[in-house]
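**Student:** let me see the structure of the following:
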Amino acid sequence: MPMLQLAELLSTLDLVESGDGIFVAEQKDNPTHHIVGGHIAAQALMAASRTVSDRLPHSMHVYLLRAGDARYPVQMEVSSLRDGGSLSTRQITARQGDDVLLEAMVSFSVAMDAADYQQPMPAVPAPDTLPAVEQQLQAFAHEGDGFWVRPFWIERRYIDPPPRLAIELPEPPERTRMWLRPAEPVTDDPIINSCLLTYFSGTALLDTTVTMRRATQVSVFSALIDLAIWFHRPADLTDWVLSDQVSPSGINGRGLASATLYNRAGQLVCSATQEMYFGRDRRD
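**Tutor:** Below is the predicted model:
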């Protein structure tokens, strides 16, 4: 089955409101029928955003409790916890039947005039000077039913070796840095872009943890446990975004990873941290 494409992803962000604060999120099935953690987190952010006016998300904290079944829709229940002078807070519960799949909190903020500061973007090669990941991994096209070279909704240009190449090195690279952008044109709507960054953060940070574990995405079972994202400024996904990723810890079958994301102008647009659970090696 082909990997998820941008048009399909965007269609699943077009939630259907079925009641006051209740939204239905359609899924896209896959061979394992597993709902991708970053995908359902992005849908939860969209549901919360549909209940707020004139404010943008600035942070999101998610716990993924069950995998869910991608053959069936998910019901998003949004509770309004606070609407203050500058901040609004929403709680989201995602269900399939009686099973709770996700609990999330999202905070929204108005724009303010205040002092700005950030850590600088690292000096890295420009994306146009780097090969596409499908080109880098062409030698492994026969593995995993073509997993490494399948078209995906995100185009990636790796600065450090991607996991399939890193596993061949004597030591894993300390960081995983890549440029990314949607493979097709996308709207400049800040909510849509925040949802796309949520999906990306919930999936791409896996690269860093499997690299440190000396594994690849297709050789181990993994599941997203929790995800925290801070949206510093709206991201323009019509251009490349740099993701600088590191995994500081792996313990008790869990891998922690963090990323800072910058636009091409060097502005910090997003920070994300997540923890993955790893099960047995799929080759066992």
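**Student:** after the longest helix along the chain, which helix or strand is next?
**Tutor:** Taking DSSP state H as the criterion, the chain has its longest helix at helix 190-212. Sequence-wise, the next helix or strand downstream of helix 190-212 (DSSP states H and E) is strand 220-231.
**Student:** format the CA atom coordinates belonging to that following strand as PDB.
**Tutor:** What follows is strand 220-231, C-alpha atoms only, in PDB (Å, rounded to 0.1, in the frame of the first residue of the first chain):
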ATOM      1  CA  VAL A 220      11.700  -2.600  15.200                       C
ATOM      2  CA  PHE A 221       8.200  -2.100  16.600                       C
ATOM      3  CA  SER A 222       7.700   1.400  18.000                       C
ATOM      4  CA  ALA A 223       4.800   3.400  19.400                       C
ATOM      5  CA  LEU A 224       4.600   7.100  20.300                       C
ATOM      6  CA  ILE A 225       3.900   7.500  24.000                       C
ATOM      7  CA  ASP A 226       3.800  11.200  24.400                       C
ATOM      8  CA  LEU A 227       4.500  14.400  22.500                       C
ATOM      9  CA  ALA A 228       4.900  18.000  23.400                       C
ATOM     10  CA  ILE A 229       5.200  20.900  20.900                       C
ATOM     11  CA  TRP A 230       5.700  24.600  21.200                       C
ATOM     12  CA  PHE A 231       4.700  26.700  18.200                       C
END
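**Student:** buried stuff in that strand?
**Tutor:** Within strand 220-231, the residues that count as buried by 16 or more other CB atoms under 10 Å are 220, 222, 224-231. Where C-beta positions appear, they are placed from N, C-alpha and C, glycine not excepted.
**Student:** which residues touch the longest strand anywhere in the chain?
**Tutor:** For the chain, the strand with the greatest residue count under DSSP state E is strand 268-281. If you take CB atoms under 8 Å, 6 or more residues apart in numbering as the criterion, strand 268-281 is touched by 118-119, 121, 197, 201-202, 205-206, 209, 213, 215, 219-235, 241, 253-263.
**Student:** one more time with 7 Å
**Tutor:** With contact meaning CB atoms under 7 Å, 6 or more residues apart in numbering, strand 268-281 is reached by 118, 197, 201-202, 205-206, 209, 213, 219-233, 235, 241, 253-263.
**Student:** give me the sheet partners of that strand and which way each runs.
**Tutor:** Here strand 268-281 has these sheet partners by DSSP bridges: strand 220-231 (antiparallel), strand 254-263 (antiparallel).
**Student:** as TSV, those strands with mean pLDDT would be great.
**Tutor:** Listed next are the strands paired with strand 268-281 as TSV, based on pLDDT from 0 to 100:
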stretch	mean pLDDT
strand 220-231	92
strand 254-263	96
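**Student:** nearest to residue 59, out of those?
**Tutor:** Among the strands paired with strand 268-281, strand 220-231 comes nearest to residue 59, with 4.9 Å by CB to CB.
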